[in-house]
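what would the 3D arrangement of this be:
(chains A and B)
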Amino acid sequence: MSDILEIRWHGRGGQGAKTASQLLADAAFMAGKYVQSFPEYGPERSGAPITAYNRISDERCNVHSNIYDPDYVAVVDETLLESVDVCSGIKENGAVIINSSKSPEELKPLLKGYTGRVCTIDARSISIRNLGAYFPNTPMLAAVVAVSGCVDREQFLKDMEGSYRHKFAKKPQVVEGNLKCLVEAMDEVKG
Amino acid sequence: MSIRERMSGNEAIATAMRQINPDVFAMFPITPSTEIPQYYAQYVADGRVDTEFITVESEHSSLSACLGAEAAGVRAVTATSSAGLSYMNEVLYVAASSRLPVVLAVACRALTGPININHDYSDSMAERDSGFIQIYGENNQEVYDNYLQAHRIAEHPDVRLPLMICEDGFITSHAIENIELEEDEAVKNFVGEYKPENYLLKKENPLAVGPYGVSNYYMEARVAQAEAMKNAKKVILEVAADFEKTFGRKYGFFEEYRMEDAEIAMVIMGSCAGTAKTAVDELRAKGIKAGVIKIRVFRPFPGEELAEALSGVKAVAVMDKSEGFSACGGPLFAETAGACINLKDRPAMVDIVFGLGGRDFTVEAAESVFDRLKKIADGGDIGEVYTHMGQRER
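Okay, here's the model as predicted:
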C-alpha cells in the first residue's frame, strides 16, 4: 500500500479538523486523485480531541480502517501535544505539521520521543493577517500540501482559486484573503 | 456519460433519491442517517424535486406514512438507523405483508447498549426476518448503484416487497470518496415510472390493505410472501444485468474476489470487505491462495449460489459484524453454514464476531484471520468455532 498517501488530522471538536481533511480531499480530487476523507467520531463535545483522516491515491483505495501509520500528521491545536501522542506511528520519511508560532526545535521536546521531521506553521498570524479572524483550516491545508507534495503547488493554487470563486460567489471579497493565506502558508511553513 | 464526483455515502443516497424524485419522503432524523433527509430537504427547498416531504414525530410514523402513500399507489421512501429502525419494527412487517414496496435507506449503526453511534449490523440484522429485501454496499459507489436498482426490484409485479438499502454508518455514510454518478435523465430512464396494478384509491378496482387474516387465510398470505422473496432472486439478477448494460458496473448476489482457486476464504459484508480484499492481495503476493466473498444481498439469502462458491474451499471464516446472542454464532454464520449443509465438498467453517460498535477492522486483523484459516486448511485443529475478535482481554 506504499502508493497510498495517508494523513491523520488531530484537532479539537469545533476547530474544523474534519473540514480541513475534507478540503484536502477536495484539493486532491481536483488534481485527479482518488480520495478518502473521514472523521473518527467519539462522544462529540466542543473542545474534545478529535481525529480525521485522508487517503490519497491514483487508484480507488478499498481499505476502510482508521490510519495508524500515517505518512503525515497535521495538528490543528498545539495544546493537544500535552494529552495526545500525535506522532504515533508516523512513517520514517513522514512529518508532523503543527499549527504553532514556535519553531520546530522548540516543539520537539514535547513530542514524546518522536525523532522524525517536525514542521510548524503559524496559522493564526496568517489567518488574522489576511482574513481578520482566526480560521486555521486554510493555512493548515496549504502547509500540508506544501510539506507532503500530494498536489502540485501551481495546480493546487489554481484549483483552490476556482473553488473559492464558486464557494464565495456571493462574497467575492474573501477570495483574495483566502488565496493569500494559501500562498503565505506554503512559503512560511518551517522545518 | 458518468459524472466524476466525490461525496459521502449519505449524499450519494440523497442524490439517487433526488434523481428518482419519489412522490413521498417521510422523515424523522437519527444519527448517522440524518444527513439523507437533510440533503433532501435542501433539494425540496431549491425546487429540484416535487416530492411531498413530510416531517413526522417518530420512525414508527415515518414508515407508517410511507406505507399509507404506497398503499395509495405512489413511490415512498425514508431513511433511518439503529434504534430508529427498531422503532419501525412493527411497521416493517406490515409493509412487507401488505406487499408495499417502500425503499428504506439504513445507515447501519449499533443497537444499545451501551449506547453507541458507530457501525455494526445489529440494527439491520435484527430485522432480517421482517420480509424486507436487504442489499448491502461496500462504499458510496455501491450504495448509490444499489439505490438506483432498488425501486425496480421492490416494485416488480413478481416481487412487490419493501427493500432496505444498507450502508455502513459513519464508515460509508460520512466518508467522502470518489464516485461515478449517472446523469439525471439516464437514472430516470433506468428506474422508470411506478405504475402499480392495484392500489387503495383505484376507482375501477379499489383495494383493501391490511385486513385481518383469519387462520383460514393467514398461511396462504405468508406463503405468497415467501414466494415473492424467492422471486426477488430472479429479479435482482435481471435488474443487475440491465444496470450493467446501461451503466457498466456489475453486481450479483455477492462479489467473489480472487476466489477462482482459493483454498481459504472469508465471507464478509460491507466496508470491511474492502479491507479484507487488500489483505488478500498481500497474501496472494506471497503465494497464499486466499479469497473473499462479499455478501451484497442478504435477503433473499443466496444460499445455493453461496454454497457453490464455497464448494472445494478448505477453510472459511464467516465474519459477523453483529452479535446474535445465540451462543453458537452470528446471523451471517447461521445462514452460511446452513447453506453449505448438503455440500459434498464442505469447507471447515468458523464464525468470528468482530467490529461491534465501530471497533476498527484493519488489514492486519484480516491477515490474522487468514493465518488462522491457513493453519486449519493445512490440517490443524479447527479450534473454537465461534469466537470474538478485536476486544481487549480482561
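
can you pull out the low-pLDDT segments for chain A?
In the predicted model, chain A carries pLDDT under 70 at residues A:1-2, A:43-44.

how about the residues of chain A that lie near chain B?
Counting by C-beta under 8 Å from any C-beta of the partner chain, chain A comes close to chain B at A:1, A:22, A:25-26, A:29, A:34-39, A:41, A:60, A:62-66, A:68. Every residue, glycine included, has its C-beta placed from N, CA and C.

those residues in helices, which ones?
Among the residues of chain A next to chain B, the residues falling in helices (DSSP state H) are A:22, A:25, A:26, A:29.

with neighbour count added, can I get those residues in JSON lines?
As requested, those are arranged in JSON lines below (neighbours: other C-beta atoms under 10 Å in any protein chain shown):
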{"residue": "A:22", "neighbour count": "22"}
{"residue": "A:25", "neighbour count": "27"}
{"residue": "A:26", "neighbour count": "19"}
{"residue": "A:29", "neighbour count": "21"}
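
which one of those residues is nearest residue B:301?
Closest approach to residue B:301 among those (C-beta to C-beta): residue A:25, at 36.2 Å.

tell me the buried residues within the residues of chain A next to chain B.
The neighbour count (16 or more other C-beta atoms under 10 Å in any protein chain shown) marks A:22, A:25-26, A:29, A:34-39, A:41, A:62-66 as buried among the residues of chain A next to chain B.

measure residue B:308 to chain A for me?
For residue B:308, the distance to chain A equals 25 Å [C-beta to the nearest C-beta, to the nearest Å].

that residue: which element?
Using DSSP states H and E, residue B:308 falls within helix B:303-310.

distance from the chain centre to that helix, please.
Distance, stretch centre to chain centre, for helix B:303-310: 18 Å (C-alpha atoms, centre = their mean, to the nearest Å).

what do you get for stretch A:95-111?
Stretch A:95-111 sits 15 Å away from the centroid of its parent chain (C-alpha atoms, centre = their mean).

can you list contacts of it?
A:72-78, A:81-82, A:86-87, A:90, A:114, A:116-125, A:136, A:139-140, A:143-144, A:147-148, A:189-191 (C-beta atoms under 8 Å, 6 or more residues apart in numbering or on different chains).

out of the residues you listed, which are inside strands?
A:72, A:73, A:74, A:75, A:117, A:118, A:119, A:120, A:121 (DSSP state E).

what values do phi and psi take at residue B:190?
phi -70, psi -50 (degrees, to the nearest 10).

could you report the neighbour count for residue A:156?
Using other C-beta atoms under 10 Å in any protein chain shown, the number of residues around residue A:156 comes to 21.

quick check: it is in a helix.
Yes: according to DSSP: H, G, I helix; E, B strand; the rest coil, residue A:156 belongs to a helix.

contacts only, for whichever residue of chain A sits closest to chain B.
Nearest to chain B, among the residues of chain A, is residue A:62, at 3.3 Å (C-beta to the nearest C-beta). Each residue near residue A:62 by C-beta under 8 Å, 6+ apart is listed here: B:138, B:139, B:274, B:275, B:277, B:278.

in a markdown table: those residues, plus neighbour count, pLDDT and distance to chain A.
Shown next, in a markdown table, are the contacts of residue A:62 (neighbours: other C-beta atoms under 10 Å in any protein chain shown; pLDDT from 0 to 100; distance: C-beta to the nearest C-beta, whole Å):
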| residue | neighbour count | pLDDT | distance to chain A |
| --- | --- | --- | --- |
| B:138 | 25 | 98 | 8 |
| B:139 | 26 | 98 | 7 |
| B:274 | 23 | 98 | 3 |
| B:275 | 23 | 98 | 5 |
| B:277 | 23 | 98 | 5 |
| B:278 | 22 | 97 | 5 |
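
done for today, thanks.
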